[in-house]
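Engineer: what's the 3D shape of this:
(chains A and B)
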Amino acid sequence: MIGKLAAYVGQYRRDVLLVPIFVLIDVACELSMPLLMSRIVDIGIVNQDIGYIARIGLYMALLALTAIAFGVGMMFFSTRGSMGFGANLRDALFAKIQQFSFKNIDKFSTASLITRVTNDVNNLQMTFLMALRILLRAPMMLIIAFLLAYSINSELSVILAVAIPILVGAVLLVMRTAGRRFAIVQERIDSMNATLQENLIGQRVVKSFVRTDFENAKFRQSNDDLTNAFIRAVSVVILNMPVMMLVMNGTALVVIWQGGGMVAGGRLGAGELISFLSYIMQILFSVMMISMVFVMSARAQASARRVLEVLETEIDIVDSVGPEGGSDLPRVTAGRVEFRDVSLKYDLSGSGAEVLSGVSFAAEPGEVVAIVGGTGSGKSTLVSLIPRLYDVTAGSVLVDGHDVRDYRLDDLRGAIGVVLQQNTLFSGTIRENLLWGREDATIEEIEAVCRAAQAHEFIMSFPDGYETDLGQGGVNLSGGQKQRLTIARAMLKRPRILILDDSTSAVDSATEERIREAFYRELADTTVFIIAQRISSVRAADRILVIDDGKLIGEGTHQSLLAENKVYQEINQSQQEGVLAG
Amino acid sequence: MSADRSTPSRASQPTAGASAPAGAGRRRPGRPGGPPAGGPGIPRGGYQRPKDLKQVSLRLLGYLKVRWPILAVVVVLMLISTGTSLAGNYLLKPIINDYILPGDFPGLARTLLVLGAIYLAGVVASYGQSRLMIEVAQRTSNTMRRDLFAKLQKLPLRYFDAHSHGELMSRFTNDIDMVQMAFEQSLVQLISSAIGFTGAIVMMAVLSPRLLLVTMAVLAVMLFVMTRIGGKSRTYFMAQQRYLGDVNGYVEELVEGLKVVKVFGYEQTAIEEFGQRNEEYRQAATSANFYAAVIMPIMGNLSNIAYAASAMVGGMLTVWGRFDVGSLAAFLQYSRQMGMPINQISNQFNTVLAAMAGAERVFEVMDEDPELDEGSVTLVGVSKHADGSFEVMGDGGHPTHWAWQCPQPDGSVAYTELRGDVRFNDVIFGYVPGQPVLHSVSLFAKPGQKIAFVGSTGAGKTTVTNLVNRFYEVDEGTITFDGIDVQRIAKSSLRLSIGMVLQDTHLFTGSVLENIRYGRLTASDEECIQAAVQANAHSFIRRLPQGYDTVITADGTNLSQGQRQLLAIARAAVADPPVMVLDEATSSIDTRTERLIEKGLDALMQDRTVFVIAHRLSTVRNSDAILVIEDGRIIERGDHDDLLEQRGRYYQLYTGQYELS
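Structural biologist: The predicted structure is shown next:
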């Protein structure tokens, strides 16, 4: 896992490799200080040598200055390396997600993908930074301090052989227990958030049933559960500090007792004893830091797994590689669409039901094809096969006589305009959003499609017209206005094939009628697919496909279907009753 | 002593340093040891300072006030633990001077025992202090969350229209987290660092005022460096948060709109645009984290210089006989101890400011005006006598009749029978001031009548029903209920008298039975099942894996739209209110389910005043009155036959000459 991630250090490899060198020098300078200090006490003071004391003092100051230089350098390179690593990883992840097929997207939830690019990468970036700074430093500190302590007095060092395992054991025990308890905390947080979210979403229900007290009690319960779990978890974690202090202080006492005897017996200098104490502290502190970093890395591991899962996802829809570098790949010219015995399963491995089975039909260039059927019958899936948003499981989809899989994706999708059910607009102005359709469109062309999509009028009613800033998600537009903009955006593409997936549901009937007329007028040679709930929206189509449970069970005009197709009659019937509100 | 640089602070640092959560405000506990760099936790809104520090501090102190006994103990423990660590170091002097150097082992043993006892006391005190502070911090944040939640329940719907769920939830998680963290760690560390710092200076002065001067000189340099770097660090941090917000915002938008990106072949452009933002963030993050971290080696080594200078000057003084080895050892320990608090104070300071900003945002919500509810008329259950008089029932049992209890100016109470007569008198209303949605609407519904609203989406049908139960307040005009202005009726009574089946059915996590019982908490299992039968929901519930005990998760996603609708109807049925509002949406429901729902609704409408936002001709046809609304005005009123005779809009609709959206 680390190996795979390490590749993303990329151009920052030099920075990362420099860090250990800087750390080593920094640590060496730092650890020399107590040793030099012991010289002042044991040699300078004992020999009453002022010159020696001054010289050693100066050395110490110089070492400290050197340590500043290398410490600053270490911080610089470690920061640049880790932030660079994070940026590379983020870039790679984002680019990978952009390559995702619809099927890949469906596998991950949107929220989870966002968390992976943002929080998880940030976690890894910070963990890497910490690893560069602590994980390198602490072991070096441990080893050098131990060697120095050993060189001062090997007998006293034995005490460490007892102290270190005790400390490691205690810290690990504390952290393990804490880990378990924090898992419970996380559950409680989730459940409190769920209660909260439900309450916010259902605010009208709460108010209309006057359930404030009930809701307060419910929240109080999950709030208290969380608090109790938190207290239980944190009170374990804070044991770390006293444990460490006990071990350190206990060790110091033993060292002073043993060392005191040696000093009195002349086998150890008083200064050496003092510096030995410093080293003990540094050693135990390092041990503690190392064990904590290991525990911390558990969380980074989860992030690493989640990030790698995305990076290693196999993209199931890729460009067709034609012969000879793609020079004779097909192009969409007319927009004839044909389905030949098309079946689709979302889940290939399992026994998942077929979303579409044995669908065959053909749509001629310029035809308006409407698709009706119940919710979940497979209408949206059917049309999404044309721009190859999904690949068929069996059969084939042909555009202008070529299998869609033989086109370059850019060529294929460039010729097809799609208005999805989920009509996303992006932050930026209305004009910028429309330019998604065609980057080099002139303002005249933009206005023309907006007139056709019945959007021009309302756009001009805004003070800034086409330069109106939509903000993220197009928040200040009504559903119908958003739909009209997304239709205009797709029309601007001048597609050979236009797919409208239930994209006029929030537009009133009269406006919808005008949009439909515009299609006939302006997109005379474009093959148009319309998915709609309302029979009134599809009545005028050249051809209507009736889909039920993934099967094509009827094909014809409004009149012919009304005469012979049972499902169509039923849908029509139910909507006759509902005509008042559509 | 470089290891001291990264303080092993306690673990739960819920929101990570530089990672502003992008999605739902979900906390992440279990973060042993704060990040060595990356600074204090930053709220997701970016790096912010509170606007009114004093005001916020006072209110936070208000929350702490109730816990003053614990806090008093904490202060005592804090003094003990800092005191013991100062004393422990001081003992080095007699240990070396009086026992080790002269070789007095019994004395050494005695002093070491004393030292051990001091250490132990320090450990116990510092553990006790952290443990108690956790209690304080957790209980305080618990109280804040509880208050905030209770406050939210009192806010008008207008408030929820204007604030996203994510925004409100981040008050509960991120903002209160910051406060909790500040209480748990920063507060104690700030105070104990200050005590430790002062204590160390005092002890050093006691040991050797001359050496202290040497240390002070270095200290001055340290403070200078710290303020310089600290200021830079803050600037870069703000920049980092801004760019991080950019990056996260872009990711959020483009990933959410990924399918649109794919159909427009926008991938390459998106990758390039993201690359630019990512690079800007990388540069800002590098600067921010560098400046946040660089302070550590500089301060650590400056304190080493102080250590070197003290060792040198102290050594010389000792040679000249003005100082001694034991004092020098103790002094050197203090000079180490002094450097740490400075670092800590600067670190914690930012955390505290961020916490204050978080608290301020929480208080902002708490200061919002609650829903207006000054009505004094309440609803009481009554039993009706044969002669038409009635008497107030006690608690217990579901009453068959209701009455409005109206307090009179003279102190007595009058009772008006609840009949379900609703009238609108020239009601003007707009969601946004100056943009009326309803223009002078007048209408009446007599007891037991079914009133249907017909009109385009956005014509104002739902708005009318939202005003009846005072989800929103009218701008002008009045609405009366049995002759009483609804403004005079206590909101809880008003709403309990009106049942609603809303367009969006919201169910709660819990069993099917619990969800039905939400309509009336005192309903027995039998009553709930009876309601389900009435609502035509019984048959599908029985087929669920655990029947009525089946747990519905996450707003009912394991049920179909139609099934959820049926449960909502059952929920309203069990409430059995005298007035019912049905704002049904059946547009996305298949024909079969629609039939089921129809039957459920028909049962529910028996013997009540009902407002129906109609989607089906059959309902409309049977209504006592049909109101056609267009652009916030009632343009036609009458029963089915009247309206057909009028040959107006309804006639056009009915005969298919005109369509609604």
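
Engineer: grab the nearest non-local neighbour of B:Ala355.
Structural biologist: What sits nearest to B:Ala355 in space, not counting adjacent residues and going by C-beta to C-beta, 6 or more residues apart in numbering or on different chains, is B:Ala182, at 3.4 Å. (Glycine included, C-beta is placed from N, CA and C.)

Engineer: now A:Gly260
Structural biologist: The spatial neighbour of A:Gly260 that comes closest, neighbours along the chain excluded (C-beta to C-beta, 6+ apart), is B:Ile100 at 4.3 Å.

Engineer: so when I look at B:Tyr415, I'm seeing a strand, right?
Structural biologist: Yes - B:Tyr415 forms part of a strand when assessed by DSSP: H, G, I helix; E, B strand; the rest coil.

Engineer: which helix or which strand is home to the residue nearest to it when sequence neighbours are not counted?
Structural biologist: For B:Tyr415, ignoring the flanking residues on the chain, the nearest one in space by C-beta to C-beta, 6+ apart is B:Ala403 at 4.6 Å. According to DSSP states H and E, B:Ala403 maps onto strand B:401-407.

Engineer: show the contacting residues for the spatially most central residue of chain B.
Structural biologist: Nearest to the mean C-alpha position of chain B, counting by C-alpha atoms, centre = their mean, stands B:Phe172 at 2.6 Å. Shown in contact with B:Phe172 (C-beta atoms under 8 Å, 6 or more residues apart in numbering or on different chains): A:Met192, A:Asn193, A:Leu196, B:Gly25, B:Arg145, B:Leu148, B:Phe149.

Engineer: output these in TSV, with secondary structure and neighbour count appended to each entry.
Structural biologist: Shown next, in TSV, are these (DSSP: H, G, I helix; E, B strand; the rest coil; neighbours: other C-beta atoms under 10 Å in any protein chain shown):
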residue	secondary structure	neighbour count
A:Met192	helix	24
A:Asn193	helix	19
A:Leu196	helix	24
B:Gly25	coil	23
B:Arg145	helix	25
B:Leu148	helix	20
B:Phe149	helix	22
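
Engineer: looking at those residues, which is nearest A:Thr393?
Structural biologist: Checking those against A:Thr393 with C-beta to C-beta, the nearest one is A:Asn193 at 38.5 Å.

Engineer: so what's residue 101 up against?
Structural biologist: All of this refers to chain A. A:Ile315, A:Asp316, A:Ile317, A:Leu389, A:Tyr390, A:Asp391, B:Lys262.

Engineer: should've been chain B
Structural biologist: So B:Leu101 contacts A:Val263, A:Ala264, A:Ala270, B:Val325, B:Gly326 (C-beta under 8 Å, 6+ apart).

Engineer: sorry, back to before: narrow the contacts of A:Ser101 to just the buried residues.
Structural biologist: The neighbour count (16 or more other C-beta atoms under 10 Å in any protein chain shown) marks A:Ile317, A:Leu389, A:Tyr390, B:Lys262 as buried among those.

Engineer: in the stretch 201-350 of chain B, what spans have low per-residue confidence?
Structural biologist: Within the stretch 201-350 of chain B, the segments meeting pLDDT under 70 span B:339, B:343, B:346.

Engineer: pLDDT below threshold where in chain A?
Structural biologist: A:295-296, A:320-328, A:347-353, A:375-376, A:471-476, A:478, A:505-506, A:508-509, A:574-582.

Engineer: now the strands for it?
Structural biologist: Taking DSSP state E as the criterion, chain A carries its strands at A:337-345, A:354-363, A:368-372, A:394-399, A:402-403, A:416-419, A:497-501, A:527-531, A:543-548, A:551-556.
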